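Trainee: please find the sequence and the predicted model below.
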Amino acid sequence: MTTRVASGGNDPLIETSDDLLAPFVKGEKPPEAWRIGTEHEKFVYRRDDHRAPSYDEPGGIRDLLMALTEYGWQPVMEGDNVIALAGADGTISLEPAGQFELSGAPLEHLHQTCAEAGRHLRQVKEAGDKLGLGFLGLGMWPDKTRAELPVMPKGRYGIMLRHMPRVGSLGLDMMLRTCTIQVNLDYASEADMVKKFRVGLALQPLATALFANSPFTEGKPNGFLSFRSHIWSDTDPHRTGMLPFVFEDGFGYERYRDYALDVPMYFVFRDGKYIDAAGLSFRDFMKGELSVLPGEKPRLSDWNDHLSTAFPEVRLKSFLEMRGADGGPWSRICALPAFWVGLLYDQAALDAAWDAVKHWSIADRQRLRDEVPKLGLKTRTPDGETLRELGVRILDISAGGLNARGRINASGDNETGYLDPLREVVARGTTPAELLLDHYQNAWKGDVRHIYEEMSF
């Protein structure tokens, strides 16, 4: 989640609802300026007993953050606590239970993206070796109860932890027990954003199936292939989901603004502290009627904060975030941005991907989203084929888009090789989660602890 590094106060005051469009318009860039921002989370555990370390304990999360300053990372403070690191490779931040996230820098091509991930993972592993810590690449903690997990000292998390049980039954699991891989991508214009948003939403269930990697809860199979994806269906209906209005005529910046205005608030950040505004209305804030800040009106930083508290399958800020994938091992960190860059950063590929899904109804798309956490690649599309069969065609389109980009590394390879882990998934016809379930039932003899040996970085 977003790490706040400065309070509002000097940035522009929001005068009208049109001012709220500024982040979206600011995101418009010509194709030569499009970049790739990759985010990936991993679980941190103690190697001796697989326990999730707390923030303050010796060799815990704070010490891990400070160990990484030896590589040039600079601490980001919230009060007296180091809660993030900033550096040339982006930002390292903490999810609520200490899940470790790299929000990568905006990069030109996938070779840079994969090199960035490699640097980060090498640094983390070296620091972890000194502290007795390991790192697990999965979509959900396979064996931890909520009560066994620590909470990081970030103000917004306290607010969210109090609010989540009021609006859904699985929000605490989302915060404490899940990890994801995401990619942030640019658009040239409002029309380009609309088409990319629609393709991204329609194909998000395919990404969920390809990356499904969370079949265990508290040491046992949970009946899902991506329980992380299922969790989002009962987290908070006001700020999650497939956003049917994106496919309606006239969708654009204004319609997304109106949606975001209807998302209840979480907080306001002032003077280095988070003020609890959970459940309140940003529309009231704009009228100077926010009960926790009476008479005060929002600034642009408040709106940017608020945009970061909506969690649909695809999210618009000054870029588009693809949010459907479970966390996973090293190779799949590079595969997710490859999948979406190939589809969205080449016009012919974008057109072909849209042609494959544009005739689906809103009900069709919702059914796919509802079924894919359990069925994975076996989910049937509205055209009667499985997601595995659709995946073969979509991966070919993505590869064509990557080929057309012509980004070559020092070895003479283009970017298409980063799709190989996904091609293996569709060729096999089983998700990563199904491989883990097979191991659990056979080689592991029902003991999920073996996952630490097989899925650690």
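Mentor: Great, that's in hand.
Trainee: ends of stretch 335-351, what's the gap?
Mentor: 21 Å (Cα to Cα, to the nearest Å).
Trainee: try stretch 215-230
Mentor: Termini of stretch 215-230 sit 11 Å apart (Cα to Cα).
Trainee: same deal with stretch 63-77?
Mentor: Span of stretch 63-77 from end to end, Cα to Cα: 14 Å.
Trainee: pull out the buried residues from it.
Mentor: D63, L64, L65, A67, L68, Y71, W73, V76 (16 or more other Cβ atoms under 10 Å). Yep, even glycine has a C-beta here, placed from its N, CA and C like the rest.
Trainee: assign the closest residue to the last one other than its chain neighbours to helix, strand or coil.
Mentor: Pointing back at V76 there. Distance criterion Cβ to Cβ, 6 or more residues apart in numbering; nearest residue to V76, sequence neighbours excluded, is A84 at 3.9 Å. Here A84 is recorded as strand under DSSP: H, G, I helix; E, B strand; the rest coil.
Trainee: please begin residue numbering at 8 from this point
Mentor: Sounds good: first residue 8 from here, last item A91.
Trainee: distance check, A91 against H313.
Mentor: 20 Å (Cβ to Cβ, to the nearest Å).
Trainee: how about the strands in the stretch 258-407 of the chain?
Mentor: Remark: strands assigned in the stretch 258-407 of the chain by DSSP state E, counting those that start in this stretch are 274-277, 280-283, 318-319, 321-323, 327-333.
Trainee: let's have these in JSON lines, adding mean pLDDT.
Mentor: Output for the strands of the stretch 258-407 of the chain, formatted as JSON lines (pLDDT from 0 to 100):
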{"stretch": "strand 274-277", "mean pLDDT": "97"}
{"stretch": "strand 280-283", "mean pLDDT": "97"}
{"stretch": "strand 318-319", "mean pLDDT": "98"}
{"stretch": "strand 321-323", "mean pLDDT": "98"}
{"stretch": "strand 327-333", "mean pLDDT": "98"}
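Trainee: of these, which is nearest F254?
Mentor: Of all those, it is strand 321-323 that lies closest to F254, at 11.8 Å by Cβ to Cβ.
Trainee: can you list contacts of that closest one?
Mentor: Contacts to strand 321-323, defined as Cβ atoms under 8 Å, 6 or more residues apart in numbering, come from residues 31, 200, 204, 207-208, 211, 250, 253, 263, 314, 327-330.
Trainee: grab the nearest non-local neighbour of T76.
Mentor: Nearest to T76 is P82, by Cβ to Cβ, 6+ apart, at 6.5 Å.
Trainee: that's a strand at the one you found, yeah?
Mentor: Yes: P82: assigned to a strand according to three-state DSSP.
Trainee: please verify my assumption that it contacts M73.
Mentor: Yes: here P82 reaches M73: they are 7.5 Å apart, a contact under Cβ atoms under 8 Å.
Trainee: identify the contacts common to those two.
Mentor: V89.
Trainee: going along the chain, name the helices of the stretch 308-457 of the chain.
Mentor: 337-351, 354-364, 369-382, 394-412, 427-435, 439-448 (DSSP state H, counting those that start in this stretch).
Trainee: the fourth one: which residues count as buried?
Mentor: What that stands for is helix 394-412. Here helix 394-412 shows 394-398, 401-402, 404-409, 412 as buried, counting by 16+ other Cβ under 10 Å.
Trainee: then the last one?
Mentor: Judged by neighbour count using 16+ other Cβ under 10 Å, the buried positions of helix 439-448 are P439, A440, E441, L443, L444, H446, Y447.
Trainee: which neighbouring elements make contact with that helix?
Mentor: The elements that helix 439-448 packs onto, with contact taken as 3 or more Cβ pairs under 8 Å, 6 or more residues apart in numbering; DSSP states H and E, are helix 458-461.
Trainee: what helices or strands is the helix it packs on leaning on?
Mentor: Right, helix 458-461 is packed against strand 140-143, helix 439-448 by 3+ Cβ pairs under 8 Å, 6+ apart.
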